[in-house]
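A.B. asks: Sequence first, then the predicted structure:
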Amino acid sequence: MPDIKQYYIGIDVGGTSVKEGLFDQDGNLLGKVSVPTPSLAEPAGYDAVIGGIEQLMAGVQQPVLFVRGIGLAVPCPVPASGVITMAANITIDAPELKAALEKRCPHAAVRYVNDANAAAMGELWRGSAKGHRSMVMVTIGTGLGGGVVVNGDVIDGAFGAGGEIGHICVNPDEERQCGCGLHGCLEQYASASGVVSNYLKACERRGVEPLELTCPSDSLTVFQAYRAGDEAAIEAVDVMVEYLSRGLQIISAVVDPEVYVLGGGTSASGDLFLDQLRAKFAERALSVSAKTPIEIAELGNDAGIVGAAYVALRAGAREV
């Protein structure tokens, strides 16, 4: 349909709400809605998501038939087949939701993508990695996730584990168990929870009382202490940088991306550790990769809907 306007929907599926964004083929955001939904494993949930799409299209005074792609970013592994077999944090019947969307938007390519991978694609299309063909996004939140893009395509993996950067083993001597069941994972040192753990261990080693923390992932308090010159906090961030640089070195030896992009809540404190991380990475990496840029993400909370829309746009283009 070359003479008809084409629109793309990016949907970021969360535990209690669904964010939806409407984009044109150039990546311009034309509208956003947030839809509180019931279970996405029943018709009421499907209708709520579809209602958001209808609201967005009404906002640009265009029919739903002009939607050419719908991408759904979900917090669970999405293998190359697109068939979701595990969804721990949401209740979703992925095949039935996809069928409902295809019925209402018959000209749209509908695709699922892991939410971290979607964020990576968003940064590639409209964010810090714009203009590149390969990138790795490291999402530093309560845990540590990521997305790997090679030749413009996100690497999802045969079983949906592509981009699970947080579970690279960077310390095989670690006795503590990671949440995944393994030991010495990057997430144990470089996530928000990892920074807090580093801090508490530093306080214990120094025989000092730690600051009061609001939760096990309260890295903000640790970074604030770092700014005030707290030696235990400085040590905690040094440990984070030490292990994160190891993780990036391993990734570069396998993927050799054009750029790294750091996202998630902890990246907001990047001014404290970014230069140090760049220097540490340069020391460790192969000489040809040592100057790989490490940047802070630009899109914030919109990365998921932007990336999901981009995945849908690329899928739609392939089906034409």
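C.D. replies: That came through fine. Residues are numbered from 1 along each chain as shown.

A.B. asks: pLDDT below threshold where in the stretch 201-320 of the chain?
C.D. replies: In the prediction, the stretch 201-320 of the chain carries residues with pLDDT under 70 at positions 319-320.

A.B. asks: Helices of that one, start to end?
C.D. replies: For the stretch 201-320 of the chain, the helices identified by DSSP state H, counting those that start in this stretch occupy 219-227, 231-254, 270-284, 303-319, in order along the chain.

A.B. asks: measure the residue of the chain most remote from its centre to residue 235 for me?
C.D. replies: Within the chain, residue 207 marks the point farthest from the mean C-alpha position, 37.1 Å out by Cα atoms, centre = their mean. Remark: distance between residue 207 and residue 235 (Cβ to Cβ, to the nearest Å) = 13 Å. Bear in mind the C-beta positions are built from the backbone N, C-alpha and C, glycine included.

A.B. asks: residues in contact with the residue lying closest to residue 187 once chain neighbours are set aside?
C.D. replies: In space, and not counting its chain neighbours, residue 187 is closest to residue 166: 3.5 Å by Cβ to Cβ, 6 or more residues apart in numbering. The contact partners of residue 166, taken as Cβ atoms under 8 Å, 6 or more residues apart in numbering, are 143, 144, 145, 146, 185, 186, 187, 190, 191.

A.B. asks: did I read that right, residue 166 in a strand?
C.D. replies: No. Going by DSSP: H, G, I helix; E, B strand; the rest coil, the assignment for residue 166 is helix, not a strand.

A.B. asks: how close does it get to residue 38?
C.D. replies: Separation of residue 166 from residue 38 (Cβ to Cβ): 31 Å.

A.B. asks: where does the residue most central in space within the chain land on pLDDT?
C.D. replies: Closest to where the C-alpha atoms of the chain average out (Cα atoms, centre = their mean) is residue 116, at 2.5 Å. Model confidence at residue 116, expressed as pLDDT, equals 88.

A.B. asks: go on, residue 80?
C.D. replies: At residue 80, the pLDDT value in this model is 68.

A.B. asks: Show me where the stretch 51-200 of the chain has its helices.
C.D. replies: With DSSP H, counting those that start in this stretch as the criterion, the stretch 51-200 of the chain has helices at 94-104, 115-126, 187-190, 192-206.

A.B. asks: deepest of those, which one?
C.D. replies: For these, the largest average neighbour count (mean count of other Cβ atoms under 10 Å) is found in helix 115-126, namely a mean of 29.

A.B. asks: just checking, which of the helices of the stretch 201-320 of the chain sits deepest inside the structure?
C.D. replies: Per-stretch averages of neighbours, counted by mean count of other Cβ under 10 Å, single out helix 303-319 among those, with a mean of 24.
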